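[1] Need the 3D shape of this:
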Amino acid sequence: MGKFIVLLIIAVAVSAVHQRVWEAVPAHWAPWDPLAVDDPLTPVSKWKLRQLADDRQGCLAALETVPDGEFAYTALDDHEPVEGCPLENVVRVQSSSVDFNASFVATCPLALAWVIYERQRLQPAAEEVFGSQLTSVEHYGSYSCRNVYGRETGRLSEHATAEALDVAGFGFADGRRVTLLGDWDDDDEAGAFLREARDGACDIFGNVLGPDYNAAHADHFHFGMRGFRLCR
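    Numbering: from 1, shown residues only. Predicted coordinates:
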């Protein structure tokens, strides 16, 4: 009986130490803690985003960590707008700290990745490069029931499941407008901002494609959720 008590005391002590160690891990490094939009980004952040693909409530809870009035969206029921391209765990994004040229449907993890990217990468880049706030984003859409590059055969595009957003340009509070088609190759502030926008997306989205990838992306960034770090 005495040995049992000693072993029990040791077990309790070890458990208490482990618990203190786990509690000391910051939330943004802890895989077991929920994701919040303003958590500092770590390699764990992208992993957490991927886990939300099949966790509607967890993803919506993460979206609710955006401060009031800084992200407008509507959660949508699963549906199939076009035969063969069903949508699951999706929301319609209306606005954020920026105005969009149109609302768009996105998987909840894509919407979450976007708002994290906007808050932690785009806005800081705008302030750093231009000293002005980003106020608008021009996009080509998210959902399109088609194969990659619109081919007759082959695998479905990420757009077929609303897991990607194509972004063509940006507007700023000082009236400036920057587009990939017009400014990507420029050796000036506009070009610098676009390159920061591309590079800053790579640790958030699964894949980031732009003009350096191929001619099909000469006029837009493709921000997709699949993969883990294709960044060109």
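[2] Could I get the average pLDDT for stretch 64-75?
    Taken as a whole, stretch 64-75 has an average pLDDT of 95.
[3] So which bits of that stretch are buried?
    66, 71, 73 (16 or more other C-beta atoms under 10 Å). C-beta: built from backbone N, CA, C; applies to glycine.
[4] residues in contact with that stretch?
    Outside stretch 64-75, the residues within contact range by C-beta atoms under 8 Å, 6 or more residues apart in numbering are 35-38, 56, 60, 63, 91-97, 108, 111, 115, 119.
[5] mind redoing it with 6 Å?
    Defining contact as C-beta atoms under 6 Å, 6 or more residues apart in numbering, one finds that stretch 64-75 is touched by 36-37, 91-97, 115.
[6] List buried residues within those residues.
    Buried, going by 16+ other C-beta under 10 Å: 36-37, 91-93, 96-97, 115, out of the contacts of stretch 64-75.
[7] I'd like to know which of these has the lowest per-residue confidence.
    In terms of pLDDT, the lowest of the buried ones among the contacts of stretch 64-75 is S97, showing 92.
[8] So that one lies in a strand, does it not?
    No - S97 is assigned coil when assessed by DSSP: H, G, I helix; E, B strand; the rest coil, not a strand.
[9] What distance do you get for it to E70?
    From S97 over to E70 the distance is 5 Å, taken as C-beta to C-beta, to the nearest Å.
[10] returning to what we had before: keep only those of the buried residues of stretch 64-75 that are in strands.
    Mapping those onto strands (DSSP state E) picks out Y73.
[11] Show me which of the buried residues of stretch 64-75 is closest to R198.
    F71 (22.6 Å; C-beta to C-beta).
[12] Could you measure from that closest one over to T179?
    Taking C-beta to C-beta, one finds F71 at 24 Å from T179.
[13] cool, A201 as well?
    17 Å.
[14] Any regions of this protein where pLDDT drops low?
    For the chain, the stretches flagged by pLDDT under 70 are 1-23, 150, 152, 228.
[15] mind listing the strands in it by residue range?
    Assigned strands in the chain, in chain order: 72-76, 79-82, 85-87, 90-95, 99-107, 134-141, 164-172, 177-179, 207-209, 221-224, 230-231 (criterion: DSSP E).
[16] Just checking: what are the partner strands of the fifth one?
    For strand 99-107, sheet partners with direction are given as strand 90-95 (antiparallel), strand 134-141 (parallel), following DSSP bridges.
[17] got TSV for these, with distance to C231 too?
    Shown next, in TSV, are the strands paired with strand 99-107 (distance: least, C-beta to C-beta, whole Å):
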stretch	distance to C231
strand 90-95	23
strand 134-141	19
